[in-house]
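Asker: Could you look at this predicted model? Sequence included:
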Amino acid sequence: MSISEKIKHVAIAGNIGAGKTTLCEKLAKNFDWDVHYESTDNNPYLSDFYIDMQRWSFNLQIYFLNNRYQQVLKILNGDRTVVQDRTIYEDAYIFAPNLHDMGLMSKRDFDNYFSLFKTMSSQIQPPDLLIYLRASIPTLVEHIQSRGRDYEGNMSLDYLKRLNERYENWISGYKEGKLLIIQADDIDFQNRPEDLGKVVDMVRAELHGLF
């Protein structure tokens, strides 16, 4: 039996612009996995959210929560190994509380949201392997600018910094399962095959350690 038959769910976590989607594609190709992308292109709230965060924050977070919950259910019920672009935990521990702290989501909405997350997360299991892409603000900004998404154009450095701090806090206490941290500042898996090879070796070593 191959590794992929035993491993169901690999997830990639990281701030906006850390390189999650690129790494998902590279690992999927290398290991013959399926990919579940974050639903940004067909998300009906995202562009409205970036124009008026206070009005649309709750709607956006509920959409992401529902979408990712459905993804995890499909992964657990399927027979293929899937690499997931961002996790259900990031919505709940990073993005939603950050919006609440910034005054962009009311306490009533946040409490409602987090209660729903706790119910959903109790029905699923964490990824077999969580890969965290740790990236500094300059790296994030460079990646965001290079992909040129219109709705990301007015994102502030303070917003990215707040998210990075929350990521570090979450990762430092992550005990749900196996964790691999990759320093995204020091590695260019998109353009340098030798860097991608290093990452693939790191992932393979972690997967072997699951048995």
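Answerer: Arrived safely.
Asker: contacts, neighbours, all on C-alpha from now
Answerer: Fine.
Asker: For Ala18, see how far away the residue lying closest to Tyr37 once chain neighbours are set aside is.
Answerer: What sits nearest to Tyr37 in space, not counting adjacent residues and going by CA to CA, 6 or more residues apart in numbering, is Asp85, at 4.9 Å. Going from Asp85 to Ala18 by CA to CA, to the nearest Å gives 11 Å.
Asker: do Ile182 as well
Answerer: Taken as CA to CA, the span from Ile182 to Ala18 is 10 Å.
Asker: Overlap in contacts, the two.
Answerer: When contacts are counted by CA atoms under 8 Å, 6 or more residues apart in numbering, Ile182 and Ala18 are jointly contacted by 133-134.
Asker: Neighbour count for the two, which is higher?
Answerer: Counted by other CA atoms under 10 Å, Ile182 and Ala18 do not tie: Ala18 has more neighbours, with 25 against 17.
Asker: Checking that one next. Helix, strand or coil?
Answerer: Under DSSP: H, G, I helix; E, B strand; the rest coil, Ala18 falls in the coil class.
Asker: Need the per-residue pLDDT for the residue sitting nearest the centre point of the chain.
Answerer: Nearest residue to the geometric centre of the chain (CA atoms, centre = their mean): Arg86, 1.9 Å. Arg86 is assigned 91 on the pLDDT scale.
Asker: Show me which helix or strand of the chain is least confident by mean pLDDT.
Answerer: Every helix and strand of the chain was ranked by mean pLDDT, DSSP states H and E. The lowest is helix 3-6, at a mean of 58.
Asker: Who are the packing partners of the following helix or strand past that helix?
Answerer: Sequence order places strand 9-14 as the next helix or strand after helix 3-6, per DSSP states H and E. Applying 3 or more CA pairs under 8 Å, 6 or more residues apart in numbering; DSSP states H and E, one finds that strand 9-14 contacts helix 20-31, strand 82-85, strand 129-134.
Asker: show me the contacts for the nearest residue to Pro97 once chain neighbours are set aside.
Answerer: Closest residue in space to Pro97, ignoring its immediate chain neighbours: Phe110 at 7.3 Å, by CA to CA, 6+ apart. Going by CA under 8 Å, 6+ apart, Phe110 touches 58, 96-97, 100.
Asker: I'd like to know which of these are part of helices.
Answerer: Counted as lying in helices by DSSP state H, out of those, are 58, 96-97, 100.
Asker: give me phi/psi at Ile124?
Answerer: When read as degrees, to the nearest 10, the backbone of Ile124 gives phi -130, psi 170.
Asker: if I pick it, what's in contact with it?
Answerer: For Ile124, the contact set (CA under 8 Å, 6+ apart) comprises 72-73.
Asker: how much space is there between it and Arg68?
Answerer: As judged by CA to CA, Ile124 and Arg68 stand 11 Å apart.
Asker: same check, this time on Gln84
Answerer: In terms of CA to CA, Gln84 sits 9 Å off from Arg68.
Asker: Are there residues contacting both of the two? Which ones?
Answerer: Any residue near both Gln84 and Arg68 by CA under 8 Å, 6+ apart counts here, and that gives Glu38.
Asker: Which one's more surrounded, the two?
Answerer: The neighbour comparison of Gln84 against Arg68 (other CA under 10 Å) goes to Gln84, with 27 against 23.
Asker: Thanks again, I'm all set now.
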